[in-house]
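In: Got a sequence here, can you build the structure:
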Amino acid sequence: MSLFGFIKKRALDRIELGNTLGSTLVYRYPLGEDQIRIGAELVVPDTRTAVFVSDGKVADVLTGSGHTYQLDAASLPKLNEMQSWSGRSASFSADIFFVNMQPTPIQNWTCINPAKRHDDDFGDVSIWASGHFSFRVGNPGALMKSILDSNQIFENGYLYGLAKSLTINRIMDFIAQWDMPFASFRSNLKLLAEQANSEIRKALLGYGLEPAVFSVDSVTFSKNVEEALEQGLILEKKQKQKQKQQPKKPQKPRAKKKKENV
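Out: Residues are numbered from 1 along each chain as shown. Prediction:
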């Protein structure tokens with residue numbers, strides 16, 4: 001037997017996360033070969049939630065607010081059931097993931113593929129859009145389940161890309177079906193974002209995420225629609241200028257009503 005075979009596994013009495021994680025969304029606590037003593041303390045920071053995982057399955061979720069938990073059957077009932085702790089159990093093994101509950105920084109989104117919408121006057125019209133968005137973790141247990149059930153990638157880049165892709169796909173689907181005249185699109189971008197937000201929320205929900213900020217800042221149409229809109233605006237401006245230049249007709253004085261004799 002090697003020297004390492006004689007090294008006993010430690011049973012940790014206290015687990016506390018430092019404040020050096022910054023904007024990391026999901027952090028796996030480095031337990032290594034160590035176990036956790038039943039009755040040990042776990043300190044969960046204000047902006048984090050601790051998710052316990054056993055054999056690739058989500059067990060218990062402990063919320064933050066700077067709370068200190070005593071890790072036992074009372075605070076970890078699902079883990080206790082999954083591992084069948086007995087009265088003689090002194091320690092247990094599990095993976096602990098700390099999930100950031102803060103909204104992510106606001107970033108740009110831009111569609112690569114335009115939405116397609118058929119119009120009786122213009123035929124098949126392409127619509128491009130761009131804006132800003134951020135998201136947050138709404139259900140840390142559901143997020144961890146979706147990660148563990150798929151590719152088990154926890155990096156920020158993957159999660160940001162996932163949320164961005166889901167957001168863009170859903171807003172472009174919504175734009176393609178939005179019943180708004182092209183001439184009124186740009187003056188109703190706030191309304192567009194508000195109405196699409198519920199659809200984006202549904203798309204993110206399955207991954208334990210939710211939108212924090214979402215806006216549509218600009219839209220661009222196919223060339224024939226843009227030209228028609230430009231001509232329409234030019235005509236509108238000319239009509240307004242023409243109305244201003246026309247002399248106002250003098251109003252005829254109103255005839256005084258004669259008093260009736262009583």
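In: Mind picking out the helix or strand in the protein with the poorest mean pLDDT?
Out: When each helix and strand of the chain is scored by mean pLDDT, DSSP states H and E, helix 223-245 comes last, with a mean of 72.
In: so where's the chain shaky on pLDDT?
Out: Within the chain, the segments meeting pLDDT under 70 span 1-9, 19-20, 233-262.
In: Which stretches in it count as strands?
Out: Here the chain has its strands, by DSSP state E, at 11-16, 26-28, 35-44, 48-54, 57-62, 67-71, 91-92, 95-100, 107-110, 115-119, 123-137, 209-221.
In: And those strands: which comes nearest Lys78?
Out: Among those, strand 57-62 comes nearest to Lys78, with 4.3 Å by C-beta to C-beta. Any C-beta I mention is one placed from the backbone N, CA and C, and that applies to glycine too.
In: buried stuff in the closest one?
Out: Neighbour-count burial for strand 57-62 flags 58-62 (criterion: 16 or more other C-beta atoms under 10 Å).
In: Looking at the residues you listed, spot the one nearest Phe122.
Out: Nearest to Phe122 among those, counting by C-beta to C-beta, is Val58 at 49.9 Å.
In: partners of the closest one in the sheet?
Out: Val53 (DSSP bridges).
In: Next: the one 4 residues further on.
Out: Using DSSP bridges, the bridge partners assigned to Leu62 are Ala50.
In: any residues touching stretch 201-209, and which ones?
Out: Outside stretch 201-209, the residues that touch it by C-beta atoms under 8 Å, 6 or more residues apart in numbering are 135-146, 162-163, 166-167, 169-170, 210-211.
In: how far out from the middle of the chain is that stretch?
Out: The chain centre lies 8 Å from the centre of stretch 201-209; the measure is C-alpha atoms, centre = their mean, to the nearest Å.
In: One more: stretch 221-236?
Out: For stretch 221-236, the distance to the chain centre is 34 Å (C-alpha atoms, centre = their mean).
In: Next: stretch 151-171.
Out: Offset of stretch 151-171 from its chain centre (C-alpha atoms, centre = their mean): 9 Å.
In: And for stretch 42-49?
Out: Distance, stretch centre to chain centre, for stretch 42-49: 21 Å (C-alpha atoms, centre = their mean).
In: Go through it and flag the buried ones.
Out: So, applying 16+ other C-beta under 10 Å, buried residues of stretch 42-49: 42, 44-45, 48-49.
In: end-to-end on it?
Out: End-to-end distance for stretch 42-49, by C-alpha to C-alpha, to the nearest Å: 11 Å.
In: Now do that stretch: everything it contacts.
Out: Stretch 42-49 is contacted from outside by 14-17, 19, 50, 61-69, 71, 96, 98-102, 137, 140, using C-beta under 8 Å, 6+ apart.
In: Now, of the residues you listed, which are buried?
Out: 15, 17, 50, 61-62, 64, 69, 71, 96, 98-101, 137, 140.
In: among the residues you listed, which two are most distant?
Out: Leu71 and Val137, at 22.2 Å, using C-beta to C-beta across these.
In: What separation do you get for the spatially closest residue to Ser65 that is not a sequence neighbour and Leu76?
Out: The shortest distance from Ser65 to any non-neighbouring residue, by C-beta to C-beta, 6 or more residues apart in numbering, is to Asp46 (5.8 Å). Asp46 sits 21 Å away from Leu76, going by C-beta to C-beta, to the nearest Å.
In: now Glu226
Out: For Glu226, the distance to Leu76 - C-beta to C-beta - is 60 Å.
In: before we move on, what about Ser184?
Out: Ser184 is 55 Å from Leu76, by C-beta to C-beta.
In: more neighbours, these two?
Out: Leu76 (25 against 9; other C-beta atoms under 10 Å).
In: where's the more buried one relative to Gly64, distance?
Out: Distance of Leu76 to Gly64, given as C-beta to C-beta: 16 Å.
In: go on, Pro105?
Out: Between Pro105 and Gly64 the computed distance is 20 Å (C-beta to C-beta).
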